Each structure stands twice: as structure tokens, then as C-alpha cells.
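Asker: A predicted structure for the sequence below; I have some questions about it.
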Amino acid sequence: MNSNASIENNHPIDAVIAWVDGSDQRLAEKKKSYLKGKEDSKHPGAHPTRFASLDEIRYCVLSIFRFAPFVRNLFIITDNQDPNLYEDIKTYFPERLNSLRIVDHTEIFEGFEDHLPTFNSISIGNMIWRIKGISENFVYFNDDTFLIRKTEPEDWFKDNRPLLRGKWVAAPVLRILWNTAKKAVNKYLLNHADFQPRASFHMGQWHSASLLGFKFRYFANSHTPHTVELKTIEEFYGRNMQLLVKNITYRFRNYCQHTFISLSNHLQLLHGNRQIIKPELSYMQPYKRSVNYIDEKIKVCENDQRIKFVCVQSLEMCGKESQEKVFRWMDQILDIQPVSQ
């Protein structure tokens, strides 16, 4: 792995990307054995869109090498899979070939193998801090998040502490009440004793905040790259191992789980970190949008120099034309050739 220092005072920054290829037949067979006869689309945490992969991982990785060259090492977490990025890196960033390492679930779940295999991105996220050799400060990416402009270490860490991208919002009281009512109706009226509400982006964050004692509000993070201080997480889970074990028992995403990044953010806030900044993000969800939706989003990104990150969700559900439009734009930004050439 690359041993170059990457930030002032020689504090390196690594990046981590969680990735899965849902088209892998071996993964599909493993997943099927834990669905207990249910179809993927009928299980709230097993819908095929959660496992779909286009070329997002390619653009995520190349954008980090292009716009954040100070990143020391880049780890891709998988379940015995390979995103096959060697040729791209060799072509465009040959000096970074030794910076990339594929990390199998067995590494981060070492000592917790009873919880493998897992098909749960929340559980996987809870274990990323256990990557061997990861830096004290690191950044966690979803594979549908890309850099589109030059990024400096100070965009992620200041005074060796994470910058927190998001804002305070009120506790989701109405959603809690609604989900409680749905569970009761399904259990007592519809005889669906095992019904669980869909695991949601914000409820996972609220669970993280509430287990740390926040009662009336929580810090809501956006779909940006997420900054983490390893020491804080290590110390917390070292004292509260039962919380970690409980959270990773679910093979598929579950409504009851807390999310790792939100836990990290709220621990930072409890420890006095007040470095809260705007997301500097453009969020795209092109599915079932107007014909000009993607063009308008791209125009905003090109005109607003403050935007450093783009998250493109549900692209696998869009038509080929929409997918190609997004990827052509990324090809242009990164100055690379399309996959087909």
C-alpha cells in the first residue's frame, strides 16, 4: 500500500468504499438461502435495487484519485468480489496501483464470523473501522458518490478533527408514531407478526442519536463523503460491544438499526466538535424525473464552484439514455475514455 503522508503534520487520510455487485450469481444464491422463501422484492432489506451496480464504483474511485490525490490508501469492501478496476487505474493513475486494496467481509468481521454472510449495508458500515492498517482519519464513500472538483485535506479534516456535513433537525416524532401504528396493525389485525417498517435513511440516524442520549433533535448528515476519527469509534465500541453485536445481527437492513456515520457524528458532537459545514453536494435522483432533470442538475454543478460532491441514486432504475448522460458527464470531468472504447 501507498505510504505517502497526506495532510499537514503527516496525518494520513484513507478512503473506504462499500461495494457490491448484485448480478453475481454466487451472491444471489447466498442471499436466497437467508430469505426464507421470500422474493427479493418482498423483503424490505433485500430489494434488488439495493445490490444493483452499474459503473458507479469506477467513477467513485477515479474521481478520488483525480480530485483528492492526497488520499493515501483506498479500500474497497466486498463479499469476495472484484470491481475489476486494475486496467483503469493502470491507464489513468499508474502511480496509484499500490494504493488500492480489496477488503473482504471476513477481514472486518474477524471474530464475528457468525454474522456472515451479511447483505446489510448498515451492518457492513458498522465494521469498516476494523480494516487493518486504516488511517486514524478516514473518509467513507458510498459507491454512488463522486468528487467533481479539487478537494483539499481541509475539506474533510481541520485541526485533525472531522468536519461534519449536515444540519440539526427535530426528532422524527410523527414518523415514529406512524411506524408504531403500522407495526401494530400488521401484528394484531393482519397477522403479520414479523412485519418491520422499511429501514430509512433518517430513522437510522435518529437511532444513533437517541442511543447517545439526544432526545429532541439529531444531526442529519447528507449523501456526501463521510469523515471519521478512528480513535473515537474504537473507544466507544470498546466500551459498548453489545451495541455493535446487536446492530450487526441483521442479515438484511432493519428498521431498528443505528447507522455508523451518524453514530460517529454524534460522538464528535458530544466530544465538543462544532466544525459543522454545508454539504457542498448536488444530489441527483433521475428516476421518474423530467426529460431535462439531469441536464439541469449538471448545469447547477458546473455553475456553482462550491459544489464538490455529487451523489447519483437509483441510476440503475433509469433508462439507458439517462445512465449514459450521467456517465458521459463524468467521463468529461475526469478526462477519461468511456468504458465502451
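Answerer: Received it, and whenever you're ready, just let me know what you need.
Asker: CA only for contacts and neighbour counts going forward, please
Answerer: Fine.
Asker: helices of the stretch 201-341 of the chain, start to end?
Answerer: 201-211, 230-239, 241-247, 260-270, 293-303, 320-334 (DSSP state H, counting those that start in this stretch).
Asker: buried residues in the last one?
Answerer: Applying a neighbour-count criterion of 16 or more other C-alpha atoms under 10 Å, one finds 322-323, 326-328, 330-331, 334 buried in helix 320-334.
Asker: also the second one?
Answerer: Of the residues in helix 230-239, 230, 233 count as buried by neighbour count, 16+ other C-alpha under 10 Å.
Asker: that helix packs against which elements?
Answerer: helix 260-270 (3 or more C-alpha pairs under 8 Å, 6 or more residues apart in numbering; DSSP states H and E).
Asker: now the angle between helix 201-211 and the helix it packs on, please.
Answerer: 40 degrees (axes from the mean of the first three to the mean of the last three C-alpha atoms, to 10 degrees).
Asker: from the chain's centre, how far out does helix 260-270 sit?
Answerer: Centroid separation between helix 260-270 and its chain, computed with C-alpha atoms, centre = their mean, to the nearest Å, is 15 Å.
Asker: picking up where we left off before, could you export the buried residues of helix 320-334 as a markdown table, including pLDDT and distance to R101?
Answerer: A markdown table is the format used below for these (pLDDT from 0 to 100; distance: C-alpha to C-alpha, whole Å):
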| residue | pLDDT | distance to R101 |
| --- | --- | --- |
| S322 | 94 | 31 |
| Q323 | 93 | 28 |
| V326 | 96 | 27 |
| F327 | 95 | 24 |
| R328 | 96 | 27 |
| M330 | 97 | 23 |
| D331 | 97 | 23 |
| L334 | 97 | 22 |
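Asker: so which of these is the closest to A170?
Answerer: V326 (34.2 Å; C-alpha to C-alpha).
Asker: my guess is the closest one contacts E296. True?
Answerer: No - applying C-alpha atoms under 8 Å, one finds V326 not in contact with E296, separated by 11.7 Å.
Asker: circling back: to F67, which of the helices of the stretch 201-341 of the chain lies closest?
Answerer: Per C-alpha to C-alpha, nearest to F67 of these: helix 320-334, 8.7 Å.
Asker: what angle sits between the closest one and helix 293-303?
Answerer: Between helix 320-334 and helix 293-303, the angle comes out at 10 degrees (the same axes, to 10 degrees).
Asker: so how far is helix 320-334 from its chain's centroid?
Answerer: Put simply, helix 320-334 sits 21 Å off its chain's centre (C-alpha atoms, centre = their mean).
Asker: output stretch 270-285 as PDB, nothing but the C-alphas.
Answerer: Taking Å, rounded to 0.1, in the frame of the first residue of the first chain, the C-alpha atoms of stretch 270-285 are listed here in PDB:
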ATOM      1  CA  LEU A 270     -20.700  15.000  22.300                       C
ATOM      2  CA  HIS A 271     -16.900  15.400  22.400                       C
ATOM      3  CA  GLY A 272     -17.200  19.100  21.600                       C
ATOM      4  CA  ASN A 273     -16.600  19.100  17.900                       C
ATOM      5  CA  ARG A 274     -18.500  22.000  16.400                       C
ATOM      6  CA  GLN A 275     -17.000  22.000  13.000                       C
ATOM      7  CA  ILE A 276     -20.300  21.900  11.100                       C
ATOM      8  CA  ILE A 277     -20.300  22.900   7.500                       C
ATOM      9  CA  LYS A 278     -22.600  22.800   4.500                       C
ATOM     10  CA  PRO A 279     -22.800  19.600   2.400                       C
ATOM     11  CA  GLU A 280     -21.400  21.200  -0.800                       C
ATOM     12  CA  LEU A 281     -23.300  18.500  -2.600                       C
ATOM     13  CA  SER A 282     -25.500  18.000  -5.600                       C
ATOM     14  CA  TYR A 283     -28.000  15.200  -5.000                       C
ATOM     15  CA  MET A 284     -29.400  13.500  -8.200                       C
ATOM     16  CA  GLN A 285     -32.200  11.000  -8.300                       C
END
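Asker: run through who's touching it.
Answerer: With C-alpha atoms under 8 Å, 6 or more residues apart in numbering as the test, stretch 270-285 has contacts from 161-167, 222-224, 294, 297, 301, 306-315.
Asker: mind checking how far that stretch is from the chain centre?
Answerer: Stretch 270-285 sits 15 Å away from the centroid of its parent chain (C-alpha atoms, centre = their mean).
Asker: that one: which residues count as buried?
Answerer: Neighbour-count burial for stretch 270-285, counted by 16+ other C-alpha under 10 Å, picks out 276, 279-285.
Asker: S23: which of the helices of the stretch 201-341 of the chain is closest?
Answerer: The nearest among these, by C-alpha to C-alpha, is helix 320-334 at 17.4 Å.
Asker: next structured bit after the helix or strand bottoming out on mean pLDDT in the chain?
Answerer: Ranked by mean pLDDT, DSSP states H and E, the weakest helix or strand in the chain is helix 25-33, scoring a mean of 88. Tracing the chain past helix 25-33, the next element assigned as helix or strand by DSSP states H and E is helix 56-67.
Asker: show me what that next one is packed against.
Answerer: Against helix 56-67 (3+ C-alpha pairs under 8 Å, 6+ apart) you get strand 145-147, helix 320-334.
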